[in-house]
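# Coordinates only, no sequence provided:
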């Protein structure tokens, strides 16, 4: 039996256990949709190859779309990307204008990677940055058997920021001439003008990882792009109290945009108790 299928792209270091991913999976199940979570190559634990996922890595989602199409499981494809997953999704849509994705959405997607790397190294954001760096460093150490890592790992203790890591590892190992080239080539703002699919941009102006000056002007966006920039919401937050419980209001926006259905009209129980039997995980094959 075929059914509409939602592709979910987690954020940086995110996965099946991420709150936003689980919530979206459960919402799709309640709506009678299948959900597929793309596990980013090399996130949290190292993959077997030298390269690992990054903001411009679209090969795995391209593989997944082709895989779903060839299996004949999906009547219609939809997609949602959280944070860095939204950056990957945006670039993919920009470079694959004919891909059979009906509608897509991004939540808390950074628009300019350079600016986001800058603010990640400021104030309380450093706590988030240190958690990400700890994971990245463990992956780099686990890849010690590769000459590129063995040579660079000598300087790993000097890595103090995400920009440092991207300069030492992400950019050169993935074929970019510099960290600046990597940020410029992969930033969502660069690719938005080339997206032709219906795409929702949901973000909060108080997001600590998205500098306000990097938000695109709504008037400058193509007619197929819908911008919903709230005053508050933080990064992957947007929580409000509903019937005495915290509720992610981004879910209402995403489900309405993708399927024309409001979550408050269909979710009568606590999402945490929902089964996800229709959800699937695909791991891309270990290919270059």
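It's in. Every value quoted in this text rests on a predicted model; they were computed, and no experiment measured them.

# so residue 196, which of the three states?
Using DSSP: H, G, I helix; E, B strand; the rest coil, the secondary structure recorded for residue 196 is coil.

# residues near it, how many?
Residues near residue 196, counting by other CB atoms under 10 Å, number 13. (Each C-beta comes from the backbone N, C-alpha and C, glycine too.)

# now swap in the one 3 residues further on and tell me
When neighbours are counted by other CB under 10 Å, residue 199 registers 26.

# change the start of the numbering to 2 and stick with it
From this message on, residue numbering opens at 2, which makes the last subject residue 200.

# measure it to residue 101 for me?
Per CB to CB, to the nearest Å, residue 200 is found 15 Å from residue 101.

# now residue 88
Distance of residue 88 to residue 101, given as CB to CB: 21 Å.

# From the neighbour counts alone, determine which of the two ranks first.
residue 88 (29 against 12).

# Mind listing the residues bridging to residue 229?
residue 203 (DSSP bridges).

# Isn't it up against residue 206?
No: here residue 229 does not reach residue 206: they are 11.1 Å apart, not a contact under CB atoms under 8 Å.

# Of those two, which one has the most company?
Higher neighbour count among residue 229 and residue 206: residue 229, with 16 against 12, using other CB under 10 Å.

# Relative to residue 70, how far out is the more buried one?
Counting by CB to CB, the separation of residue 229 from residue 70 is 29 Å.

# can you map out the helices along the stretch 102-251 of the chain?
Along the stretch 102-251 of the chain, counting by DSSP state H, counting those that start in this stretch, helices occupy 114-120, 126-143, 148-153, 163-166, 172-174, 180-187, 189-192, 250-260.

# roughly how far out does the second one sit from the chain middle?
By that I understand helix 126-143. Centroid separation for helix 126-143 versus its chain: 17 Å, with CA atoms, centre = their mean, to the nearest Å.

# what do you get for the third one?
Put simply, helix 148-153 sits 28 Å off its chain's centre (CA atoms, centre = their mean).

# can you pull the buried residues of that helix?
Residues of helix 148-153 classed as buried by neighbour count (16 or more other CB atoms under 10 Å): 150, 153.

# try the longest one
Across helix 126-143, burial judged by 16+ other CB under 10 Å covers 126, 130, 134, 137, 138, 140, 141.

# Could you do stretch 219-232 as well?
Per 16+ other CB under 10 Å, stretch 219-232 contains these buried residues: 222, 226, 227, 228, 229, 230, 231.

# With mean pLDDT and distance to residue 106 as new columns, can the helices of the stretch 102-251 of the chain be given to me in JSON lines?
Shown next, in JSON lines, are those (pLDDT from 0 to 100; distance: least, CB to CB, whole Å):
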{"stretch": "helix 114-120", "mean pLDDT": "97", "distance to residue 106": "19"}
{"stretch": "helix 126-143", "mean pLDDT": "92", "distance to residue 106": "23"}
{"stretch": "helix 148-153", "mean pLDDT": "94", "distance to residue 106": "35"}
{"stretch": "helix 163-166", "mean pLDDT": "96", "distance to residue 106": "25"}
{"stretch": "helix 172-174", "mean pLDDT": "95", "distance to residue 106": "29"}
{"stretch": "helix 180-187", "mean pLDDT": "97", "distance to residue 106": "19"}
{"stretch": "helix 189-192", "mean pLDDT": "96", "distance to residue 106": "13"}
{"stretch": "helix 250-260", "mean pLDDT": "93", "distance to residue 106": "5"}
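
# out of those, which comes closest to residue 82?
Closest approach to residue 82 among these (CB to CB): helix 189-192, 9.5 Å.

# That closest one packs against which elements?
The contact analysis (3 or more CB pairs under 8 Å, 6 or more residues apart in numbering; DSSP states H and E) places helix 189-192 against helix 85-96.

# which of the residues in the helix it packs on are buried?
For helix 85-96, by 16+ other CB under 10 Å, it's 85, 86, 87, 88, 89, 90, 91, 92, 93, 94, 95.

# secondary structure class for the closest residue to the first one other than its chain neighbours?
It refers to residue 85. Of all residues not flanking residue 85 in the chain, residue 13 sits nearest, at 4.3 Å (CB to CB, 6 or more residues apart in numbering). The three-state label given to residue 13 by three-state DSSP is coil.
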